[in-house]
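*Asks:* Predicted structure and sequence below. I'll ask about it afterward.
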Amino acid sequence: MRRNARLGDTVIAALTVVALGSGVWLLDGAGTHAPPQPSAAEGRPDPGGEWSAAAALAPSPPTRIRIPSIRVNAPLTGLALTRSGSLEAPPAGNKNLAGWYAAGTMPGETGTAIVAGHVDNADGPAVFYDLGALKRGARIEVDRQDGTVAVFIVDAVEVYAARDFPDEKVYGAAPRPELRVITCGGGYSRTTGYQGNVVVFARLTGSH
């Protein structure tokens with residue numbers, strides 16, 4: 001059994017790996033291929049720290065996430081924990097909506113901020129369908145309520161089977177402003193759905 005990970009002052013259960021996709025459209029003939037998955041090269045540690053980390057920003061709730069290289073431009077809604085300790089999924093009916101863990105770190109603050117979104121819904125691809133195609137060095141921008149935009153650079157993109165999900169690595173506290181972006185991935189089963197999760201690791205490198 002995996003140990004629970006602590007995110008800020010909240011313990012997140014191993015069940016945090018929520019269902020962020022249905023896969024139904026892949027089975028009804030409408031889908032032509034599964035969502036892209038990251039290559040092993042995208043999961044390598046950042047060699048030499050080529051992208052420096054920026055100083056933390058003052059707390060301000062996020063309102064939108066943009067990932068230009070995979071054409072993501074989506075509003076953000078706050079997510080809470082379920083009674084079992086898992087993170088809520090954003091409403092599946094809105095395919096261009098992502099969520100952030102509202103009781104945790106705000107993107108741009110020191111610590112680990114969490115954003116999650118669906119890879120698909122019953123109608124087809126959703127907001128993070130192409131997340132597995134993201135490359136190291138890609139830019140992520142997060143609009144915030146105070147008018148600032150937090151700019152992150154991707155350090156790694158990895159895929160984990162649900163049974164091997166590294167809670168502490170993904171959700172654990174960070175000494176600098178970091179961001180995790182999560183969706184479903186890792187293959188698909190007709191009986192149990194997606195078999196794992198794609199996780200993007202990014203660090204704050206600036207703001208404007």
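*Replies:* Perfect, I can see it now.

*Asks:* low pLDDT regions in the chain?
*Replies:* Confidence mapping of the chain against pLDDT under 70 gives the ranges 1-33, 44-51.

*Asks:* what packs against the host helix or strand of V154?
*Replies:* Taking DSSP states H and E as the definition, one finds V154 inside strand 149-161. Contacting strand 149-161 under the criterion 3 or more CB pairs under 8 Å, 6 or more residues apart in numbering; DSSP states H and E are the following elements: strand 139-144, strand 177-189, strand 193-207. C-beta here means a position set from N, CA and C on the backbone, and glycine is covered the same way.

*Asks:* Same list (the ones you listed) but as a markdown table, adding mean neighbour count.
*Replies:* Formatted as a markdown table, the helices and strands packed on strand 149-161 follow (neighbours: other CB atoms under 10 Å):
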| stretch | mean neighbour count |
| --- | --- |
| strand 139-144 | 22 |
| strand 177-189 | 23 |
| strand 193-207 | 22 |
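
*Asks:* Out of these, flag the one nearest I153.
*Replies:* strand 193-207 (4.8 Å; CB to CB).

*Asks:* Show me what the closest one is packed up against.
*Replies:* Using 3+ CB pairs under 8 Å, 6+ apart: strand 193-207 touches strand 149-161, strand 177-189.

*Asks:* could those go into TSV alongside distance to F128?
*Replies:* Listed next are the helices and strands packed on strand 193-207 as TSV, based on distance: least, CB to CB, whole Å:
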stretch	distance to F128
strand 149-161	12
strand 177-189	4
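
*Asks:* Nearest to S52, out of the ones you listed?
*Replies:* So among those, strand 149-161 is nearest, using CB to CB, at 9.3 Å.

*Asks:* and of the helices and strands packed on strand 149-161, who's closest to A133?
*Replies:* Among the helices and strands packed on strand 149-161, strand 193-207 sits nearest to A133 (CB to CB), with 9.6 Å.

*Asks:* angle of that closest one against strand 177-189?
*Replies:* Interaxial angle, strand 193-207 versus strand 177-189 (axes from the mean of the first three to the mean of the last three CA atoms, to 10 degrees): 160 degrees.

*Asks:* Could you please name the strands strand 193-207 pairs with and the direction of each pair?
*Replies:* strand 149-161 (antiparallel), strand 177-189 (antiparallel) (DSSP bridges).

*Asks:* With just CA atoms, put that strand into CSV.
*Replies:* In CSV, the C-alpha atoms belonging to strand 193-207 read as follows (Å, rounded to 0.1, in the frame of the first residue of the first chain):
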residue,chain,number,x,y,z
GLY,A,193,-10.8,2.7,-17.9
TYR,A,194,-7.5,4.5,-18.1
GLN,A,195,-4.7,2.6,-16.4
GLY,A,196,-2.7,5.5,-15.0
ASN,A,197,-1.9,9.2,-15.1
VAL,A,198,0.2,11.6,-17.1
VAL,A,199,2.0,14.1,-14.9
VAL,A,200,3.8,17.3,-15.9
PHE,A,201,6.4,18.7,-13.6
ALA,A,202,7.1,22.5,-14.0
ARG,A,203,8.8,25.3,-12.1
LEU,A,204,8.1,29.0,-11.9
THR,A,205,10.6,31.0,-14.1
GLY,A,206,9.0,34.4,-14.2
SER,A,207,5.8,36.5,-14.2
